[in-house]
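Participant: starting from these lines, generate the structure:
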Amino acid sequence: MQQRVLKTLEYDKIRAMLRERASCCVSRERVDTMEPTNVPEEAERMLALTAEAETHLFRSGRSPVDDFPDMRECLARIRAALFVTPKELLGIASCLRAARVTRETLTKDGGEGLLFNMASFLTTHRSLEEEINRCIVSEDEIFDGASPALSRIRRSMRLANDRVREKLNAMIRSSTYQKYLQEPLITIRNGRFVIPVKQEYRQNVPGLIHDQSGSGATLFIEPAAVVELGNEYKKLLAEEAEEIERILTELTAMLAPYADEIREDLCVLGDIDLAFAKARLGREMRAVRPKLNGTGYVRVVKGRHPLIDPDKVVPVDIWLGREFRSLIITGPNTGGKTVTLKIVGLFALMAQSGLFLPADEGSEFAVFGQVFADIGDEQSIEQSLSTFSSHMTNIVSILRGADENSLVLLDELGAGTDPIEGAALAMSILEELHARRAVCVSTTHYSEIKAFALTHEGMENASMQFDIERLAPTYRLYIGIPGKSNAFEISERLGLPASIIESAKGYLKGEDVRFEDIISSAESQHRLAEEERQMAAAARLELEKLRAEAERERKKLDEDRNRLQAKAREDAKKLVADTKRELEKLIVQVRALKDIDRSAADRAIQQSRDALRAQESAIAETVELKKEDAGEPPRSVKPGDAVKIITLDQKATVLAPPDPKGEVLVQAGIMKLSVKLEDLRLEKAAEPKAAFARVGLAAGRHVGLELDVRGMLVEEATLVVERYLDDAYSAGLSEVNIIHGKGTGALRAGIQDFLKREPLVKSFRIGNYGEGDAGVTVVTLKKA
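Facilitator: Numbers count the residues shown, from 1 in each chain. The predicted model follows:
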């Protein structure tokens, strides 16, 4: 791509934005030299790499590449076995860590993809990284334990240092020496321990002078008493420096075989981080991945120029390259024509650089071999070129290279010269570019070019809308309608006398007036259609919103209903379980009460029965569930019918027809319940044995006409009688005898008290003579 075009379309500013989002020196260098590719496969690969990085950013929120110093020049010296500093070695360790962490991060879950493949090429040298960090504490310090020799030398240095300081401290604390000293302190000059002695007392402090103050008033003397110790310390310093140099040389030698690998790793890290910088920039611009094609088709959906304030930018829809390959945009100055032109050009460059576009989904771009642009006033004083000459020089250059794989952007084509000649030249240039099948977007003010586009297949007009009422552009592009200059309307609203405007109209040719009237009418119709379209779109969005809200409410109601039904079933099951437990406890109590007072037992049993009946009512009334889903309730039921209690989700058998209150006695397992008829649903009869419950019971089980409960306790006899009456009723018996004996009369009284409350019993009496007299109770059952 031509550098002039990149600058004209402000590609360098996009690179600057991208550079700010790069994490390492190599990726920033990559950005500085980045240019769009014209190879479709490479452009697609870069976009795919950016997409993978964007996915990783979404999951982790950051680039896996940590910043590291640029050590490529240092690696070249390492390869040549030249000396490197501790600071440089720490920089190499930082590079090794960056490569290791990036590889681990991008390959830890396995898989495939461009990032995975790139990270797989990274080498890891953890032992080298750890050895450098073990030996070097900071840029200025080597660890004592870097080698046994260094550890020994530094121990000796500490001892020598302590001995020297001990002697010097004794001197500066003594009353004899204090008057000779400028200050009572120990310092170091040229690697030797010295004390500051006043000039006039030089002869009183024998030793070696290593330095003096600027005024000469203070001499820094190494007392003779510590010279030997100082020599020893100086020797140890030299040994330390020699050992440090040996350690650094050894580390350098360890790195040398891997210098080329590490250098390659830095390049790969730069490429990976560049992809993440592109993804980060795309996220901040709310950008989308464009679809690429090789047909010259361009489509921008709600495109936003990335260099305009997001709060002020007006999105643009633009397309060309299929029905028409040349688009001529007209409209007022500062109306957005040039910005629209730059959006098309800049987006093409960004897409071909692997950058996402600040637009909506559906945006698509061809991969162009060249992008040409003649935009803005490029008048050159140095070259003595006028505006027209400058533009024409650019156009000549464009015509030398433009072909069917080119995108050509021309701003104010034909401007800067006589309007008639300029329009003629502009039409001829557009015709030539169209003949070459170049994709071309041009802006103009000339009415002749508008008419030219209307009469040439493969060309299309477009206009930037202008609000006459506000005297301001709207920056909206309408494709298919040429724009008006609006000169007369604007002048009139600004206060130009009407007589002058009418006079000006008189100078226009008749066909020009008619053409402008046609454009005005078309603009008006388009504006109305656009307003109606926007209203329809708004209504559609509102409808979709209402529909979505209604669907959410429906789902919420369904969830609430299902939750309540589930809770009701659980509550009912819990009540059933509680009832069963109460029944079992009752039986245990009955058996335990054999040897205690009979009246106390009767009271306990009666209390238990009352509790059980209360639970039966609670089960029937637990939760009023939605019944429409369970079908219609039966109009009536008869004994033996198989039913389902929908409030309990429990199957049962009808024991008696509905009473006047509409309640039905049913048997559900071991329990008898009074249930509302509306809470029952008939179950389909099983084939064939359960078709008639009563017949099945009668055929499968014999029920006698009398029951003998003599010798039983009241509570035990009551349970047996209750079960017997159920069977007798189901068998269709109308009258049965219960033999309880005469005895004390307690058993008879207990049974008859139970019969008073039993819903299956129509009446009962003491047996007549010959039936057992007072030892028998004759029970008449209700009709089934």
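Participant: continuing past the helix-or-strand element of the chain with minimal mean pLDDT, what's the next helix or strand?
Facilitator: Sorting the helices and strands of the chain by mean pLDDT, DSSP states H and E puts helix 693-700 at the bottom, at a mean of 36. Counting by DSSP states H and E, the element after helix 693-700 in chain order, helix or strand, is strand 706-708.
Participant: strands paired with that following strand, and their directions?
Facilitator: When pairing is defined by DSSP bridges, strand 706-708 lines up against strand 735-739 (parallel).
Participant: got the angle for the helix or strand that the partner strand is followed by vs strand 735-739?
Facilitator: Reading on from strand 735-739 to the C-terminus, the next helix or strand found by DSSP H and E is helix 746-757. Computed with axes from the mean of the first three to the mean of the last three CA atoms, to 10 degrees, the direction of helix 746-757 lies at 150 degrees from that of strand 735-739.
Participant: quick one: the helices in the stretch 351-500 of the chain, in order.
Facilitator: Here the stretch 351-500 of the chain has its helices, by DSSP state H, counting those that start in this stretch, at 387-401, 419-435, 447-454, 487-493, 498-507.
Participant: pick the most deeply packed of those.
Facilitator: When neighbours are counted by mean count of other CB atoms under 10 Å, the highest per-stretch mean among those falls to helix 447-454, a mean of 20. To be clear about C-beta, it is placed using only N, CA and C from the backbone, and glycine gets the same treatment.
Participant: quick one: low-confidence parts of the stretch 51-200 of the chain?
Facilitator: For the stretch 51-200 of the chain, applying pLDDT under 70 flags no range at all.
Participant: re the thing from before, between the helices of the stretch 351-500 of the chain, which one is closest to Glu239.
Facilitator: When the helices of the stretch 351-500 of the chain are compared for distance to Glu239 using CB to CB, the nearest one is helix 387-401, at 70.5 Å.
Participant: and that closest one, how far from the chain's centre?
Facilitator: Using CA atoms, centre = their mean, to the nearest Å, the distance from the centre of helix 387-401 to the centre of the chain it belongs to is 49 Å.
Participant: swap in stretch 704-719?
Facilitator: Here stretch 704-719 is found 74 Å from its chain centre; the criterion is CA atoms, centre = their mean.
Participant: need the CA coordinates for that stretch. PDB is fine.
Facilitator: Only the C-alpha atoms of stretch 704-719 are listed here, as PDB (Å, rounded to 0.1, in the frame of the first residue of the first chain):
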ATOM      1  CA  GLY A 704     -69.000 -63.500  55.700                       C
ATOM      2  CA  LEU A 705     -72.400 -62.200  57.100                       C
ATOM      3  CA  GLU A 706     -71.100 -62.000  60.600                       C
ATOM      4  CA  LEU A 707     -67.900 -60.900  62.500                       C
ATOM      5  CA  ASP A 708     -66.900 -62.300  65.900                       C
ATOM      6  CA  VAL A 709     -64.800 -59.900  68.000                       C
ATOM      7  CA  ARG A 710     -65.300 -61.400  71.400                       C
ATOM      8  CA  GLY A 711     -62.200 -61.300  73.600                       C
ATOM      9  CA  MET A 712     -60.700 -58.300  71.900                       C
ATOM     10  CA  LEU A 713     -60.100 -54.900  73.400                       C
ATOM     11  CA  VAL A 714     -62.300 -52.100  72.200                       C
ATOM     12  CA  GLU A 715     -59.600 -50.300  70.200                       C
ATOM     13  CA  GLU A 716     -58.500 -53.600  68.500                       C
ATOM     14  CA  ALA A 717     -62.100 -54.600  67.800                       C
ATOM     15  CA  THR A 718     -62.800 -51.200  66.300                       C
ATOM     16  CA  LEU A 719     -60.000 -51.500  63.700                       C
END
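Participant: okay then, goodbye and thanks.
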